[in-house]
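A.B. asks: Just the structure for this:
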Amino acid sequence: MTEQQKMQRDSLELYFKIADDNYVPYQQRLDNTEKALAIVQQQEKDTMYRVNLFKVANRYWNIQELEKYKEISDNLLSDALKEKDTFNLAKSYSYLGDYYMEKSISDSSYFYFSKSEILSKKINDINQQFKTLRSKAVLLYTQKDFIGSEKLLFDCLKLSNKLDFKNQNFICDIYSLLGIIYCDLYEFDKAIFYHNKALEFIGTLTLMDKSIQKSAVYNNIGLVYAKNEDYTKAVEFFKKALDVNVLIKNNTLRNLTINCNLSYYQFKLSDSKLFPKLFFENYRIINSLNKSKNLQTSKNETLILLGLSEYYAFKKDSIRAIDFANKSFNIAKSIKYPIRMLIDLKQLLIIDPKNASKYASEYIKINDSLQLAERKNRNKFARIEYETEELEIEKANLQTQRIYIVYTAVALLLLLIAIIIIRYQRSKNRELQYNQQQQKANSEIYKLMLDQQQKIEEGKQIEKKRISKELHDGVMGRLTSIRLNLFILSKKTDKETIDKCLHHISEIQNIEKEIRNIAYDLGINIFSDNINFETVVRNLFAEIESHSEIQFILKTDEQIDWEAVHINIKMQIYRVLQEALQNIDKYAQAKNVIINMRKVGSDINVIITDDGIGFEKSKIKKGFGLNNMKDRIKTINGKITIRSAVGEGTTINVIVPVPEDYFVAV
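C.D. replies: Here you go, the predicted structure:
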């Protein structure tokens with residue numbers, strides 16, 4: 001080490017010492033911190049560089065130069081990421097968590113604490129893990145998640161036996177925070193118990209001066225008694241806190257907090273000998289702090305202002321009482337201190353009854369938002385912790401996953417190709433087996449059909465006649481009965497009754513007509529040996545012509561040997577014709593219908609044309625009849641197209657292939 005380096009080292013240690021001395025004025029501490037930073041920035045970026053840079057950050061924190069503190073922490077984080085230094089990375093995340101907690105940005109603070117905790121667990125850094133859990137507990141406490149904070153504090157105590165000597169001092173903070181939490185939960189016995197545990201622990205420390213720690217604990221015990229409205233005990237412990245604190249002159253901030261508490265609760269005991277002098281003395285000290293005025297100082301200021309408001313209210317000086325209460329409220333609002341805001345609003349409600357409704361409305365609004373924020377924060381923190389853990393796990397496993405993904409993708413691709421080949425081969429084999437079985441089955445069925453044709457036809461005719469009779473006698477009988485129930489027309493012939501019944505009568509008549517048609521169809525053998533296909537089609541014409549003026553023209557190709565066409569094809573063509581003619585009769589308003597049946601190659605082509613009103617296909621839902629027509633033609637491997645336009649009639653074109661094996665005599 002050169003002489004210059006030794007001088008720099010000695011200077012650096014001196015600057016750190018002065019910057020960390022609470023006795024030294026603020027500006028001098030700031031100057032020495034900046035001098036230390038200038039030396040550190042000249043050093044090589046090694047382990048000692050980062051150690052010293054953390055020390056600089058700590059000095060900025062102690063004098064509440066938070067933006068400089070964050071700038072240093074960001075630089076440390078960036079360096080740690082580049083160097084893949086997990087130890088300092090965890091520490092940097094923790095520092096940023098502290099910054100955002102001080103700035104009351106709770107979600108960012110919790111995010112960085114969670115990342116620090118995960119990394120410190122990963123490298124088994126017990127000290128950093130302990131500090132991070134403690135910081136998270138403090139954050140949850142500030143967000144009123146007392147149960148979550150309590151759990152983290154007990155997790156800290158589980159780690160306490162593994163801490164190094166330096167970090168053992170923080171155990172006192174754990175007991176103290178547990179005492180504060182139980183105080184807020186109104187469990188005062190538990191609160192006193194844990195504060196006493198903190199005092200016992202302080203007694204085991206080997207510090208030369210334990211007054212600062214004892215002073216803080218006595219102050220906290222005083223606050224427990226104050227909340228329990230035992231102001232005598234509270235004042236006793238606030239006085240103890242001042243007595244053990246030997247740093248009276250230079251420890252201004254710490255003494256100020258205790259003095260503010262003591263002043264306020266002495267006033268609560270109606271000990272007004274020193275009022276308002278004691279309040280104003282504390283108020284003067286607060287305003288003299290200038291740059292070093294921090295969040296705690298502002299909280300102390302609100303307490304003093306509230307005390308002054310209560311004092312002047314006691315003295316019946318409502319103007320000054322309202323003024324001090326408003327000042328306290330505005331400061332609490334500026335530092336986002338909702339608990340104090342609620343207390344100030346309560347005071348204003350009492351001393352300013354003219355504006356009571358405004359204060360009450362504001363109180364309800366803040367109280368509701370506070371409760372909602374607490375619920376949201378619990379959910380938010382749980383989500384942040386989960387997402388942070390997921391992110392770290394994903395990051396840790398990413399490299400391994402990439403390798404696995406490549407190998408897995410190749411294996412899956414090969415497996416997929418093998419499966420496709422196997423399934424294709426099996427599919428082809430099944431198709432071949434199916435075709436062979438189908439051919440065999442067709443042959444057997446055809447033979448059975450030849451043997452049993454006559455018996456089946458006889459059975460069909462008997463069954464048709466039975467169904468026809470049932471439809472005619474049964475269904476028609478019921479419909480006739482329904483119509484007879486409309487006998488009311490013979491007794492009441494007013495227009496309203498007639499209008500109601502006419503629709504039902506018309507519908508019943510339509511149903512009767514359709515049932516007669518069905519009964520007629522079932523009652524005859526459509527394709528018997530004595531009636532050819534053309535005659536059956538003409539019979540359809542006759543049914544419609546009997547009740548309408550539609551003119552039908554049938555054109556048939558002599559090349560079609562209907563007797564040679566398979567009965568299944570004839571039946572499906574017949575049903576399509578039947579459905580088409582019924583639609584024309586009901587909806588088309590046609591005067592002429594032409595049916596042209598011709599042979600085109602080995603196909604049968606049936607064209608049905610009418611000169612009716614037509615329709616727009618896009619506005620007509622696919623009804624049951626149209627679907628039936630398409631399904632029937634599809635079963636015989638045919639094609640059907642429908643062309644229509646409003647005012648231009650409708651044309652239905654059916655093409656049915658007739659393979660050689662379908663030309664079977666009926």
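
A.B. asks: May I see the buried residues of stretch 641-649?
C.D. replies: Using 16 or more other Cβ atoms under 10 Å as the test for burial, stretch 641-649 gives 642, 644, 649. Glycine gets a C-beta too; all of them are placed from N, C-alpha and C.

A.B. asks: In contact with the second one, which residues are there?
C.D. replies: Right, residue 644. Counting by Cβ atoms under 8 Å, 6 or more residues apart in numbering, residue 644 touches 614-617, 650-651.

A.B. asks: what do you get for the last one?
C.D. replies: Applying Cβ under 8 Å, 6+ apart, we find residue 649 in contact with 588, 590, 609-614.

A.B. asks: re earlier: counting only helices, which of the contacts of residue 644 make the cut?
C.D. replies: The helices, defined by DSSP state H, take in nothing from the contacts of residue 644.

A.B. asks: Quick one: buried ones out of those?
C.D. replies: By 16+ other Cβ under 10 Å, those give 614-615, 650 as buried.

A.B. asks: Now tabulate those residues in TSV and tack on pLDDT and distance to residue 259.
C.D. replies: Output for the buried ones among the contacts of residue 644, formatted as TSV (pLDDT from 0 to 100; distance: Cβ to Cβ, whole Å):
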residue	pLDDT	distance to residue 259
614	89	100
615	84	95
650	93	102
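
A.B. asks: Just put those residues in TSV and tack on distance to residue 297.
C.D. replies: TSV is the format used below for the buried ones among the contacts of residue 644 (distance: Cβ to Cβ, whole Å):
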residue	distance to residue 297
614	90
615	86
650	92
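
A.B. asks: Among the buried residues of stretch 641-649, which lie within strands?
C.D. replies: Taking DSSP state E, the ones among these that sit in strands are 642, 644.

A.B. asks: now, the most widely separated pair of the contacts of residue 649?
C.D. replies: Of all pairs drawn from those, the greatest distance, 14.0 Å, lies between 609 and 613 (Cβ to Cβ).

A.B. asks: now stretch 161-178: how far from the chain's centre is it?
C.D. replies: Relative to its chain's centre, stretch 161-178 lies at 40 Å (Cα atoms, centre = their mean, to the nearest Å).

A.B. asks: How about stretch 154-163?
C.D. replies: Relative to its chain's centre, stretch 154-163 lies at 36 Å (Cα atoms, centre = their mean).

A.B. asks: before we move on, back to that, any idea which of the contacts of residue 649 is closest to residue 411?
C.D. replies: Nearest to residue 411 out of those is residue 614 (Cβ to Cβ; 61.4 Å).

A.B. asks: Doesn't residue 593 belong to a strand?
C.D. replies: Yes - counting by DSSP: H, G, I helix; E, B strand; the rest coil, one finds residue 593 located in a strand.

A.B. asks: quick one: it from residue 609, how far?
C.D. replies: Note on residue 593: its distance to residue 609, by Cβ to Cβ, to the nearest Å, is 7 Å.

A.B. asks: give the contact list for residue 86.
C.D. replies: Here residue 86 is in contact with 80, 119, 122-123 (Cβ under 8 Å, 6+ apart).

A.B. asks: again, 7 Å this time
C.D. replies: 119, 122-123 (Cβ atoms under 7 Å, 6 or more residues apart in numbering).

A.B. asks: List the buried residues of stretch 116-135.
C.D. replies: So, applying 16+ other Cβ under 10 Å, buried residues of stretch 116-135: 116-120, 125-135.

A.B. asks: Now, these that are in helices?
C.D. replies: Per DSSP H, helices hold the following members of the buried residues of stretch 116-135: 116-120, 126-135.

A.B. asks: Closest one to residue 322 out of these, please.
C.D. replies: Nearest member of those to residue 322, counting by Cβ to Cβ, is residue 135, at 39.6 Å.

A.B. asks: more neighbours, residue 593 and residue 609?
C.D. replies: Counted by other Cβ atoms under 10 Å, residue 593 and residue 609 do not tie: residue 593 has more neighbours, with 24 against 18.

A.B. asks: wait, isn't residue 630 in contact with residue 641?
C.D. replies: No - applying Cβ atoms under 7 Å as the test, residue 630 and residue 641 come out as separate, 10.0 Å apart.

A.B. asks: Now do the helices in the stretch 251-400 of the chain.
C.D. replies: 252-268, 277-288, 295-314, 318-334, 338-351, 356-470 (DSSP state H, counting those that start in this stretch).

A.B. asks: For the third one, list the C-alpha coordinates in PDB.
C.D. replies: Written as PDB, here are the backbone C-alpha positions of helix 295-314 (Å, rounded to 0.1, in the frame of the first residue of the first chain):
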ATOM      1  CA  LEU A 295     -40.900  12.100   9.600                       C
ATOM      2  CA  GLN A 296     -40.600  11.500  13.300                       C
ATOM      3  CA  THR A 297     -40.000  15.200  14.000                       C
ATOM      4  CA  SER A 298     -43.100  16.100  12.000                       C
ATOM      5  CA  LYS A 299     -45.100  13.500  14.000                       C
ATOM      6  CA  ASN A 300     -43.800  15.200  17.200                       C
ATOM      7  CA  GLU A 301     -44.800  18.600  15.800                       C
ATOM      8  CA  THR A 302     -48.400  17.300  15.300                       C
ATOM      9  CA  LEU A 303     -48.400  16.100  18.900                       C
ATOM     10  CA  ILE A 304     -47.300  19.500  20.200                       C
ATOM     11  CA  LEU A 305     -49.800  21.400  18.100                       C
ATOM     12  CA  LEU A 306     -52.600  19.100  19.300                       C
ATOM     13  CA  GLY A 307     -51.500  19.700  22.900                       C
ATOM     14  CA  LEU A 308     -51.500  23.500  22.300                       C
ATOM     15  CA  SER A 309     -55.000  23.200  20.700                       C
ATOM     16  CA  GLU A 310     -56.300  21.200  23.700                       C
ATOM     17  CA  TYR A 311     -54.600  23.700  26.100                       C
ATOM     18  CA  TYR A 312     -56.300  26.800  24.500                       C
ATOM     19  CA  ALA A 313     -59.600  24.900  24.300                       C
ATOM     20  CA  PHE A 314     -59.200  24.400  28.100                       C
END
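
A.B. asks: just how off-centre is that helix within its chain?
C.D. replies: Its chain's C-alpha centre and that of helix 295-314 lie 44 Å apart, by Cα atoms, centre = their mean.

A.B. asks: pLDDT below threshold where in the stretch 351-500 of the chain?
C.D. replies: 370, 373-399, 441-443, 445-490, 500 (pLDDT under 70).

A.B. asks: In the stretch 101-250 of the chain, where is pLDDT below threshold?
C.D. replies: Applying pLDDT under 70 to the stretch 101-250 of the chain picks out residues 165, 206-209, 245-250.

A.B. asks: related to what we said a few turns ago, kindly indicate which of the contacts of residue 644 lies nearest residue 88.
C.D. replies: Closest to residue 88, out of all of the contacts of residue 644 and judged by Cβ to Cβ, is residue 617, at 74.9 Å.
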